[in-house]
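Asker: need a structure here:
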Amino acid sequence: MPSSNRHHGSGRDRGVARAAGRPVFAQSNPLEPTQKRLDEAQRQADQRRGDVHTARIYRRWPYRVGLIQVSLGAGGRSPVCTSMTTRDISAQGVGLLHTAFVHNGTPIIVRLPIAGNADEWDDLEGVVVACRHVDGTVHQLGVSFDRELDPSRYEPSIGANERFAREQVETRSLRGAILCVEDCEIDRMLIDQMLADTKLRLTWVESVSAARAKLNARWSLIMSDNHLRDGKGIELLAELRSTGNHTPFILLTADNTPAAKAVLTTMAADAVLFKPVSQKQLRSSLASLLAVPQRDGTAVSSLTREDPAYGLIEGYIDTLREQGTRLQKLWEQRDAVACIGLATEIAGSAAPYGFGPIGDEAAKVRDRLGPEGWNAETTATVRRLMTLCQQVRTAESEADDPADSADAA
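Answerer: Numbers count the residues shown, from 1 in each chain. Next comes the predicted model:
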C-alpha cells in the first residue's frame, strides 16, 4: 500500500499543482452526477447497508459532505483527478460514490475537508479495496487508508470516545480481568448477561471505597457507573490517573442531558457510555480499548521457555510498564522530542523479548510524531502504546486471573 502523505492548505488554491509529483486537482468533472441522481444512489446504498465487509475493523459513520476531490492511480505517471461523493467514514477508510468502475488495488489520494474549517483539508493516500455497482453508472467504492485516522477530525458528529469503535467484535477475542463498579443490581445482571459468552472475568464492587481497595491489582480495564452511593465514578478516575495508572476506563451514566454530555466527554475516561447501553455498543467499546493478550505478541510475549531470553521477560515487563508511565507524563507535557526518544528506545528493544507488535507501535510514534507534531492521530497512537506497555505479561500468566490478586487484597 502506498505510504501516507498528509497535506494541508487553503481552499482557495484548489486546482493548483502542489510540489512535484503531487496531482493537480481539477475543479470540475464531466462525470459528476446530478444531486438528484446522487441522492437516489445514496438511498439504494443505504438499503444494502447490511452487507458487511469481512476485513472491516472499525465502525462506519455516515459522512455526507458532498463532492470531494480525489486522484486515482496516484502512484502512476498519469493520475486521473476527479470528484466523488462521500458516503461513510471510519478510522480505517472512507466510502465514496463514483460514476465509473474502479479496479481493486488502484492507488488513490482522497482530499478530506477538516470539519469546521472549509479552507483546510488533508490529502490521504490509500488504495481502493472494493467497488460494487449501485445504480446505472454509479458505483460504491471502499477506500482503505494506509494507516488509522481520527474520523472525528472530518465528521464532527462522531464522539471523541467513539472514533475507534469496532464494527465487528469476535466474542472469543474479548478476554481479560475487568473491575466493574456498579451499585444497581439490575444493571449488574444485564452486563453479566451481555458478556456471558466472552472470556472476560468481571469482578463487581458496589462503591467507590470498595473499588479503591482493588485499584492496585493489574486490571485489563475498569468500568464504573458515575453515580454511586458514596461518590462518583469521575472521582475514582481522577484518583487513578493521579497515581500514574492509565488502565483503560469506561464511564457509565444514565444522565444523557446535553450539559452532562458536554462535561463527561471532556474527562480523562477512555469512553463514556450513556445508558441504556446496547450489547453491541458495550462490546464494541471493550474491543476498542482492550489490548487483548494474544500469542502473536501484542500484549503477551511470544517467547517460549526454550528461548535464551525467556528468563529476562519479567524484568523487561517491569521496564515496559515504567516506560508506559513515563510516556504518559511526557504526553501530558506535550514533550514531543522526549516522546520520540522513548518510543525509539522501546522500538529497538521490544522484539527480542517477544513483544514485536509493541515495537511496531512504538515505531509508529517515532516516525509520525516528528513530522506531524501533536494532533488527534499521533495522540491516539501514543495512548495505544501507553496501554500496551501497561498490559504486557508472559504467556503463562494469561491463564491467571488478575482478579485473584485483588480478591486477596
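Asker: residues in contact with the longest helix seen in the chain?
Answerer: Longest helix of the chain, by residue count under DSSP state H: helix 313-332. Outside helix 313-332, the residues that touch it by C-beta atoms under 8 Å, 6 or more residues apart in numbering are 244, 246, 301, 303, 338-339, 342-343, 345-346, 349-350, 353-355, 358, 379, 382-383, 385-390, 392-394. All C-beta spots, glycine's among them, are computed from the backbone N, C-alpha and C.
Asker: Filter the residues you listed down to the buried ones, PyMOL style.
Answerer: Selection of buried members from the contacts of helix 313-332 for PyMOL, criterion 16 or more other C-beta atoms under 10 Å:
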select buried, resi 246+301+303+339+342+343+346+349+350+353+354+355+358+382+383+385+386+387+388+389+390+392+393+394
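Asker: In the longest helix of the chain, which residues are buried?
Answerer: Within helix 313-332, the residues scored as buried using 16+ other C-beta under 10 Å are 313, 316-317, 319-320, 323-328, 330-331.
Asker: in the stretch 301-409 of the chain, which ranges drop under the pLDDT threshold?
Answerer: 376-377, 391, 393-409 (pLDDT under 70).
Asker: Which parts of it are strands?
Answerer: With strands called from DSSP state E, counting those that start in this stretch, the stretch 301-409 of the chain shows none.
Asker: returning to what we had before: taking the contacts of helix 313-332 one by one, which sit in helices?
Answerer: Using DSSP H, the members of the contacts of helix 313-332 that fall within helices are 338-339, 342-343, 345-346, 349, 358, 379, 382-383, 385-390.
Asker: End to end on stretch 332-339, go ahead and measure it.
Answerer: End-to-end distance of stretch 332-339: 11 Å, with C-alpha to C-alpha, to the nearest Å as the criterion.
Asker: How many residues are close by residue 144?
Answerer: 19 (other C-beta atoms under 10 Å).
Asker: Would you pull up how far the helix or strand where it lies lies from the middle of the chain?
Answerer: Residue 144 is part of strand 138-145 when elements are defined by DSSP states H and E. Put simply, strand 138-145 sits 21 Å off its chain's centre (C-alpha atoms, centre = their mean, to the nearest Å).
Asker: Next: stretch 271-282.
Answerer: Distance, stretch centre to chain centre, for stretch 271-282: 17 Å (C-alpha atoms, centre = their mean).
Asker: Just the C-alpha atoms of it, please, in PDB.
Answerer: Extracted as PDB, the C-alpha positions of stretch 271-282 are listed here (Å, rounded to 0.1, in the frame of the first residue of the first chain):
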ATOM      1  CA  ALA A 271     -15.000   6.000  26.800                       C
ATOM      2  CA  VAL A 272     -18.300   7.400  28.100                       C
ATOM      3  CA  LEU A 273     -21.400   5.200  27.500                       C
ATOM      4  CA  PHE A 274     -24.800   6.700  28.100                       C
ATOM      5  CA  LYS A 275     -27.500   4.300  29.400                       C
ATOM      6  CA  PRO A 276     -29.300   2.400  28.200                       C
ATOM      7  CA  VAL A 277     -26.300   0.700  26.600                       C
ATOM      8  CA  SER A 278     -26.800  -2.000  23.900                       C
ATOM      9  CA  GLN A 279     -24.800  -5.200  23.800                       C
ATOM     10  CA  LYS A 280     -23.200  -4.200  20.500                       C
ATOM     11  CA  GLN A 281     -22.200  -0.800  21.900                       C
ATOM     12  CA  LEU A 282     -20.700  -2.300  25.100                       C
END
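Asker: thinking again about what came up before, counting by contacts, list what the strand holding residue 144 packs against.
Answerer: helix 35-47, strand 93-98, strand 107-113, strand 121-135 (3 or more C-beta pairs under 8 Å, 6 or more residues apart in numbering; DSSP states H and E).
Asker: for the longest one, which positions count as buried?
Answerer: For strand 121-135, burial by neighbour count (16+ other C-beta under 10 Å) applies to 121-131, 134.
Asker: which residues are in contact with stretch 348-360?
Answerer: If you take C-beta under 8 Å, 6+ apart as the criterion, stretch 348-360 is touched by 296-303, 307, 309, 312-313, 316, 320, 346-347, 362, 385, 388-389, 392.
Asker: For it, measure first residue to last.
Answerer: End residues of stretch 348-360 are separated by 9 Å (C-alpha to C-alpha).
Asker: what's the answer for stretch 220-233, then?
Answerer: 17 Å.
Asker: tell me, which of the helices and strands packed on strand 138-145 is the model least confident about?
Answerer: Per-segment mean pLDDT for the helices and strands packed on strand 138-145 reaches its minimum on helix 35-47, at a mean of 61.
Asker: next helix or strand past that one?
Answerer: Beyond helix 35-47 on the C-terminal side, the first helix or strand identified by DSSP H and E is strand 61-62.
Asker: Show the average pLDDT along that next one.
Answerer: Averaging pLDDT along strand 61-62 yields 83.
Asker: roughly how far is the following helix or strand past that strand from the heart of the chain?
Answerer: Note on strand 61-62: by DSSP H and E, the next helix or strand toward the C-terminus is strand 67-72. Offset of strand 67-72 from its chain centre (C-alpha atoms, centre = their mean): 25 Å.
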